[in-house]
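Novice: Quick check, what structure comes out for this input:
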Amino acid sequence: MGKWKISSVDIEHNHRLVSPEKVQFFQRSLNIDPMMRLMIELFNKSEIETSKAMKFLSETKGGVENLGFSNQDVRNVIRDFRLRVFDLGDAECGLLLLRELQENSFGNFFNRMDLDDENCVRGLVWVDPRSMNVYKNFGDVVTFDSTYRTNRYCMPFIPITGINHHYQNILFGFALIRDETEALYKWVLRTWLEAIENKPPRTIITDQDIALGNAIAETEFNACVYKSSTPSKFEGRWEQLFEKYDLEDHAWLNDMYSIRTQWIGTYTKQHFSAGMTTTSRSESTNSFFDEYVQSSTGLKEFIENSQKALETQSVKEVKADYDTEQLERRLVLHSSLEMHAFEIYTKEMFKRFQKELMKSTCYVVNSVKNSGTFMLKLYLVEKATVLKNCYYILNSQ
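Specialist: Numbering: from 1, shown residues only. Next comes the predicted model:
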């Protein structure tokens, strides 16, 4: 019992023969031996490029055709190595730097670690006192985005981001996590809230990084999500999409529908979002960080450069303060409302207000007669345009 018996053997080839120089491209289970794997990891630690590592390895085997693996396989080994654990020396230097920053700030610099069962770093959160201070003034809306991975360990980096009174990116804290699990995300949020004295923002914007697939026409989905002016219109359009494309069993869309009040504009428009409706702010912060970190950047350097990023943003804010105080701004309508905005808004916010003010001049307000009661006055707001020297009224939808 429990044994297999070979009853027949077919020695004929069941695939086309492959020449020796093409064996490396044959689809098969790869078996990079432990010695080669160790050498690949050493090359990675020494910051040697994959192409150069492949050249060296191929020479030890008498040619690339004798290796039995490709550049991509080497990159996969490096990826797995990076994800396994922090480099102990680099991690120790990084954690020493965090302690130094805490001491230099008289204990105000915040940092926390989450360790796994093997005492390896699974998550890290740090918040500079400057970030704590700006959060007190501008922490109404916060964005989280974990798509940035430019670091030696390919770990998701989470810049906790908002905007200030100049509509500039500001950083409320940083996190590095080893795995994108619900438990780690919860730990990041709880830990960050601890740093900001457990005062949560009014609105949190995050990203659902899941493709909808080709089954849904992009324009129809956008119309449903972004152009539904009332909940009833959204519900009707959503139902039509599900019926038209047979999406009743689409698990992700059903999950998103169950939390529709948290992300659909017609439900969330009553919540303050400071003009942010997507994670574009986090994405622009990611682009900003490209100036400071590379794929070889370790933990210590990553923390150092995050501090430099804070300093750069601080300088930009001071420059914007100067521009607001010293540079001239042009009035367009010279109305009392525009003059008041000129006095209280920063240069950038005044420019945005002015744009909306000019849009408002495209509308006319007319009193509706015979409203039926003396206590109620009705007004009709309509968009106006001028065409061929004639004045037209267009009904707004």
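
Novice: switch to C-alpha atoms for all contacts and neighbour counts from now on
Specialist: OK.

Novice: Assign a three-state SS to Ser51, would you?
Specialist: Using DSSP: H, G, I helix; E, B strand; the rest coil, the structure places Ser51 in helix.

Novice: Could you give the number of residues near the residue nearest to it when sequence neighbours are not counted?
Specialist: Sequence neighbours aside, Asn71 is the residue nearest to Ser51 in space, at 7.0 Å (criterion: Cα to Cα, 6 or more residues apart in numbering). Neighbour count for Asn71, taken as other Cα atoms under 10 Å: 12.

Novice: Which stretches in the protein count as helices?
Specialist: Using DSSP state H, the helices of the chain run over 34-45, 50-60, 71-84, 88-104, 129-138, 182-195, 218-226, 231-244, 251-258, 265-268, 280-289, 299-326, 336-344, 347-360.

Novice: Send me stretch 119-137 as CSV with only the CA atoms.
Specialist: Taking Å, rounded to 0.1, in the frame of the first residue of the first chain, the C-alpha atoms of stretch 119-137 are listed here in CSV:
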residue,chain,number,x,y,z
ASN,A,119,12.1,39.4,15.7
CYS,A,120,12.5,40.9,12.2
VAL,A,121,11.1,44.3,11.3
ARG,A,122,7.7,44.0,9.7
GLY,A,123,6.6,47.6,9.8
LEU,A,124,8.1,51.0,10.7
VAL,A,125,6.3,54.4,11.3
TRP,A,126,8.1,57.7,12.0
VAL,A,127,6.7,61.2,12.4
ASP,A,128,8.9,64.3,12.7
PRO,A,129,7.7,67.1,15.2
ARG,A,130,7.3,69.4,12.1
SER,A,131,4.8,67.0,10.7
MET,A,132,2.9,66.9,14.0
ASN,A,133,2.7,70.7,14.0
VAL,A,134,1.5,71.1,10.4
TYR,A,135,-1.1,68.4,11.0
LYS,A,136,-2.7,70.5,13.7
ASN,A,137,-3.4,73.2,11.1
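
Novice: I'd say Pro231 and Thr266 touch.
Specialist: Yes - counting by Cα atoms under 8 Å, Thr266 is a contact partner of Pro231 at 5.9 Å.

Novice: The two - which one has more neighbours?
Specialist: Thr266 (20 against 15).

Novice: any idea how far Leu357 is from that one?
Specialist: Distance of Thr266 to Leu357, given as Cα to Cα, to the nearest Å: 23 Å.

Novice: now swap in Ser367 and tell me
Specialist: Relative to Leu357, Ser367 is positioned 21 Å away (criterion: Cα to Cα).

Novice: Among those two, which residue is more densely surrounded?
Specialist: A count of neighbours by other Cα under 10 Å puts Leu357 above the other of Ser367 and Leu357, at 15 against 11.

Novice: how many other residues sit next to the residue nearest to that one when sequence neighbours are not counted?
Specialist: Distances taken as Cα to Cα, 6+ apart place Glu338 nearest to Leu357, at 8.0 Å, with adjacent residues excluded. Neighbours of Glu338 under the rule other Cα under 10 Å: 16.

Novice: surely Glu338 meets Leu331?
Specialist: Yes - using Cα under 8 Å, Glu338 is in contact with Leu331, at 7.4 Å.

Novice: what sits in contact with each of those two?
Specialist: Residues touching both Glu338 and Leu331 (Cα atoms under 8 Å, 6 or more residues apart in numbering): none.

Novice: Let me see the domain layout of the chain.
Specialist: Listed domain ranges for the chain are 20-84, 88-207+278-318, 218-268 (source: automatic domain parsing).

Novice: what's the closest of the ones you listed to Ala384?
Specialist: domain 218-268 (21.0 Å; Cα to Cα).

Novice: mind putting the domains of the chain in TSV, mean pLDDT included?
Specialist: TSV is the format used below for the domains of the chain (pLDDT from 0 to 100):
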stretch	mean pLDDT
domain 20-84	71
domain 88-207+278-318	80
domain 218-268	77
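
Novice: All set, thanks.
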